[in-house]
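Trainee: Quick one: sequence plus predicted model below, questions after.
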Amino acid sequence: MIDRVITSGTFSLDGGTWDVDNNVWLVGDAREVVVIDAAHDARAIKDRVGERTVKAIVCTHAHNDHINAAGELAELTGAPIRLHPADQVLWDQVYGQAVAYHPLADGEKIEVGGVALEVLHTPGHAPGAVCLHAPDLGVLFSGDTLFKGGPGATGRSFSSFDTIIDSISRRLLTLPGETVVHTGHGDSTSIGAEAPHLEEWIARGQ
């Protein structure tokens, strides 16, 4: 039902470039999947998809390391790319008008393989950042909004610490504590493991 491909490449913003490993999540069944965050290597992602239909390529946000394989993967699979339109400014830095996406909306449900992924708009790391909640699976795909050990980075353009803390506290920490959090980078965690540390994060960020 849930599979992960780890791809490697670079993240670039504000004139800097960093080496990164990204988690690319596949959700679905033996017939169809949704790809969450097509990063770096479209061929590796397509190989893991195999003969299944890709219903959508969902971008949790438009930093280059989360979307730089989306265009090629869309060509390989015929799947639509989905992105929250508040991240247009970041999308344009990678694709401009050369690649189109279909807008995501807060509260929208994406159905795949008998599972519903609910879109939660969680700005802060990026204006259009979203998480995908699959309550039937007890899982949240958090992109770069929430990691094991704290919130996503907010020290670069188009980000806000106060906004990400608000998003996490209102939209994520209200989910059941047993909810598993599959992140955009690194190890998974849970809502219950992260919730007690909210005040520490706020103090650390001030």
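Mentor: Perfect, I can see it now. Numbering: from 1, shown residues only.
Trainee: how many neighbours does the residue nearest to residue 119 when sequence neighbours are not counted have?
Mentor: Distances taken as CB to CB, 6 or more residues apart in numbering put residue 108 closest to residue 119, at 4.5 Å, once the chain neighbours are dropped. C-betas here are computed from N, CA, C, even on glycine. Residues near residue 108, counting by other CB atoms under 10 Å, number 16.
Trainee: do residue 149 as well
Mentor: Neighbours of residue 149 (other CB under 10 Å): 13.
Trainee: Model confidence score at it, please.
Mentor: Residue 149 carries a pLDDT score of 96 in this model.
Trainee: Report the separation between it and residue 52.
Mentor: Counting by CB to CB, to the nearest Å, the gap from residue 149 to residue 52 is 33 Å.
Trainee: Could you do residue 15 as well?
Mentor: 39 Å.
Trainee: Could you pull out the helices in the protein for me?
Mentor: All helices of the chain, identified by DSSP state H, fall at 42-49, 64-67, 70-77, 88-94, 161-167, 191-194, 198-205.
Trainee: which residues are contacting the fifth one?
Mentor: Applying CB atoms under 8 Å, 6 or more residues apart in numbering, the external contacts of helix 161-167 come out as 121-125, 129, 145, 151-152, 154, 198, 201-202, 205.
Trainee: buried residues in it?
Mentor: Within helix 161-167, the residues that count as buried by 16 or more other CB atoms under 10 Å are 161, 163, 164, 165, 167.
Trainee: cool, the first one as well?
Mentor: Buried residues in helix 42-49, counted by 16+ other CB under 10 Å: 42, 44, 45, 46, 49.
Trainee: Who are the packing partners of it?
Mentor: strand 2-13, strand 16-28, strand 32-36, helix 70-77 (3 or more CB pairs under 8 Å, 6 or more residues apart in numbering; DSSP states H and E).
Trainee: Would you mark the buried spots in stretch 31-41?
Mentor: By neighbour count on 16+ other CB under 10 Å, the buried set for stretch 31-41 is 32, 33, 34, 35, 36, 37, 38, 39, 40, 41.
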